[in-house]
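1. sequence-free structure coming up:
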């Protein structure tokens with residue numbers, strides 16, 4: 001019951017914050033309620049996987065960083081087995097999303113990128129790190145997320161691959177997305 005009320009609060013609160021013309025008081029009041037919702041989530045009878053999916057859905061719907069307490073809940077220690085199940089569930093969700101079109105703007109791919117970021121977190125916590133780079137490679141062209149891919153390749157000390165993807169990203173983006181192209185050029189200089 002508390003989680004159902006929490007969902008109502010998060011939906012109405014997000015709408016209210018979007019319409020409010022205050023100094024952040026509305027957002028602060030909503031943020032102050034989040035620990036109660038996290039506590040209810042922890043004590044709910046749902047299985048751990050459903051709790052984690054519920055929290056991710058809420059965090060991904062958060063336009064104003066009101067639900068950071070739920071993100072903190074997700075970053076706590078959860079069993080490796082649950083992260084593994086979560087990775088599989090999120091991958092299914094990603095596959096069900098429509099593929100972005102070449103004409104889509106950044107905002108249309110934002111949700112897909114956020115979901116991919118959570119899959120990466122799940123892979124890391126499940127010990128499935130070998131699946132991260134292939135996922136990022138497949139998403140780079142779809143969502144122009146070359147920067148994320150290059151960062152991961154550099155962290156993995158795969159500099160030649162990073163160099164190749166930087167050049168591919170710059171060629172792909174050209175002047176369409178000069179900010180990302182600029183980031184890629186900066187990364188190339190750092191490498």
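-> Nice, thanks for sending it over. Just so you know, these numbers come straight off a predicted model, no measurement behind them. Residues are numbered from 1 along each chain as shown.
2. and residue 168, what does it touch?
-> Residue 168 sits next to residue 146 when contact means C-beta atoms under 8 Å, 6 or more residues apart in numbering. C-beta: built from backbone N, CA, C; applies to glycine.
3. element containing it?
-> Element membership for residue 168, per DSSP states H and E: helix 159-173.
4. so who does the spatially most central residue of the chain touch?
-> Geometric centre of the chain, nearest residue: residue 114, 2.6 Å, by C-alpha atoms, centre = their mean. By C-beta under 8 Å, 6+ apart, the contact set of residue 114 is residue 60.
5. same question, residue 47
-> Residue 47 sits next to no residue when contact means C-beta under 8 Å, 6+ apart.
6. quick one: list the elements packing against the helix or strand containing residue 180.
-> Element membership for residue 180, per DSSP H and E: helix 178-190. If you count contacts as 3 or more C-beta pairs under 8 Å, 6 or more residues apart in numbering; DSSP states H and E, helix 178-190 packs onto helix 146-155, helix 159-173.
7. in that helix, what's buried?
-> Within helix 178-190, the residues scored as buried using 16 or more other C-beta atoms under 10 Å are 180, 181, 183, 184, 187.
8. ok now that helix, how far from the chain's centre?
-> Mean-position distance between helix 178-190 and its chain equals 22 Å (C-alpha atoms, centre = their mean, to the nearest Å).
9. likewise for stretch 21-34?
-> On C-alpha atoms, centre = their mean, the centre of stretch 21-34 falls 23 Å from that of its chain.
10. and what of stretch 133-150?
-> That offset, for stretch 133-150, works out to 13 Å (C-alpha atoms, centre = their mean).
11. how about that stretch: buried residues?
-> By neighbour count with 16+ other C-beta under 10 Å, stretch 133-150 contains the buried residues 133, 135-137, 139-150.
12. got it, and stretch 16-34?
-> In terms of neighbour count (16+ other C-beta under 10 Å), stretch 16-34 has its buried residues at 17, 26, 27, 30, 31, 33, 34.
13. helix/strand/coil for the first one?
-> Read it as residue 17. The three-state label given to residue 17 by DSSP: H, G, I helix; E, B strand; the rest coil is helix.
14. that one against residue 27, yeah?
-> Yes: shown here, residue 17 and residue 27 form a contact pair, counting by C-beta atoms under 8 Å, at 5.1 Å.
15. what's the overlap in contacts for those two?
-> 64, 66.
16. the closest residue in space to residue 143 that isn't next to it in sequence: neighbour count?
-> Sequence neighbours aside, residue 109 is the residue nearest to residue 143 in space, at 4.0 Å (criterion: C-beta to C-beta, 6 or more residues apart in numbering). Using other C-beta atoms under 10 Å, the number of residues around residue 109 comes to 19.
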